[in-house]
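Chemist: Pasting a predicted model and its sequence here:
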Amino acid sequence: QAPLVESGGGLVQAGGSLRLTCTSSLRTFPSDPMAWYRQIPGQEREFVAAISRTFGRTFYADSVAGRFTISRDNTLNTMWLQMNSLKVEDTAVYFCNQRPTREGTTWYASDVWGQGTQVVVSS
């Protein structure tokens, strides 16, 4: 079983909202930064948002800033991605990633992934 499990994806109309959930089975969750990535078939996985391990500092891709909100609860080993004002171009499979690293403004994913959850935004 994958160490991370995502849920909450689905079909939504443009302008609507979805909330994705990622639950980790790894004990190190409270001390690890976490991130969301997304992937469109045929394209590389791209960074969406990240959150630091303790103080909850957040980082967003320009394409989602102001519309998406990443959050976490270390007592539940859970992270969320609240997605508002969804656009057709947000359609993708969304993955959570544990223990990504940051260099400057660039986030690099680790090899700790979930199975992904599909988000489809219709026009």
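Modeler: Looks like it came in fine.

Chemist: what's the spacing between the nearest residue to Tyr60 once chain neighbours are set aside and Gly56?
Modeler: Nearest-residue entry for Tyr60: Ala49, 5.0 Å, with adjacent residues in sequence omitted and distances by C-beta to C-beta, 6 or more residues apart in numbering. (C-beta placed from N, C-alpha, C; glycine too.) To Gly56, Ala49 is 12 Å away according to C-beta to C-beta, to the nearest Å.

Chemist: any idea of the pLDDT on the residue nearest the centre of the chain?
Modeler: With distances taken as C-alpha atoms, centre = their mean, Trp36 lies nearest the centre of the chain, 2.2 Å away. Trp36 is assigned a predicted lDDT (pLDDT) of 98.

Chemist: Asp73: what's it in contact with?
Modeler: Met79 (C-beta atoms under 8 Å, 6 or more residues apart in numbering).

Chemist: Fine by me, thanks again.
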